[in-house]
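> just a sequence and a predicted model for now, questions to come.
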Amino acid sequence: MHDAFIKAFDRISTFRYNGEGSLYAWLRRLAVNLSLDRIRRRHWKRIGWDDTIPDRAPDAPDEAVETIPLEIMMEMIASLPPERRIVFNLYCLDDWPHRDIAARLGITEKGSAAILAQARRQLKGKINQYLAEHT
């Protein structure tokens, strides 16, 4: 956070006001890019397939998934390994295409898609486990 604000003050001349929310969007983009640069500098490492979650785990019904409190769902996402959580968040929450994720993280588009599939499979396992324990 500290580094993002320092960078914002250094680059304030590049900010262009485009209406309400433009400063927030600019600061958010700056912080995200700074975070991604740090991750990439740490030599993005490849991760293996998670064999503990079956490939064909049944999907939980949408109605059942909607009963999971938001805090619990966010904890499930936060518990993903960092590489999976980053790709999942960028793709599913920030609506980045795999092309942009791959370019930003220094991986291939297929690598981004594979990591997203791993994250979804792991998250599906956590959801199924939670539903089995709480229903």
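On my side now, so go ahead.
> tell me which residue lies nearest the centroid of the chain.
For the chain, the residue sitting closest to the mean C-alpha position, by Cα atoms, centre = their mean, is residue 89 at 1.9 Å.
> hang on, isn't that residue packed against residue 78?
No - taking contacts as Cβ atoms under 8 Å, residue 89 lies outside contact range of residue 78: 9.7 Å. (Glycine included, C-beta is placed from N, CA and C.)
> circling back: in three-state terms, label the residue nearest to the centre of the chain for me.
Using DSSP: H, G, I helix; E, B strand; the rest coil, the secondary structure recorded for residue 89 is helix.
> residue contacts, it?
Contacts here follow Cβ atoms under 8 Å, 6 or more residues apart in numbering; on that basis residue 89 touches residue 77.
> distance of it relative to residue 32?
Look at residue 89 and residue 32: by Cβ to Cβ, to the nearest Å, they are 10 Å apart.
> please apply the same query to residue 25.
Counting by Cβ to Cβ, the gap from residue 25 to residue 32 is 11 Å.
> any idea how far residue 104 is from residue 64?
34 Å.
> show me which of the two is the more surrounded one.
Higher neighbour count among residue 104 and residue 64: residue 104, with 18 against 15, using other Cβ atoms under 10 Å.
> pretty sure the more buried one contacts residue 34?
No - using Cβ under 8 Å as the test, residue 104 is too far from residue 34 to be in contact (11.5 Å).
> re the thing from before, tell me which of residue 25 and residue 32 has more neighbours.
residue 32 (16 against 11).
> how about the more buried one, secondary structure?
Applying three-state DSSP: residue 32 is helix.
> not counting sequence-adjacent ones, nearest residue to it?
residue 94 (7.6 Å; Cβ to Cβ, 6 or more residues apart in numbering).
> can you count the residues close to the one you found?
If we define neighbours as other Cβ under 10 Å, then residue 94 has 12 of them.
> quick one: it from residue 133, how far?
Residue 94 is 30 Å from residue 133, by Cβ to Cβ.
> residue 75 now?
The value you get for residue 75 to residue 133, if Cβ to Cβ is used, is 14 Å.
> residue 67 now?
Relative to residue 133, and taking Cβ to Cβ, residue 67 is found at 13 Å.
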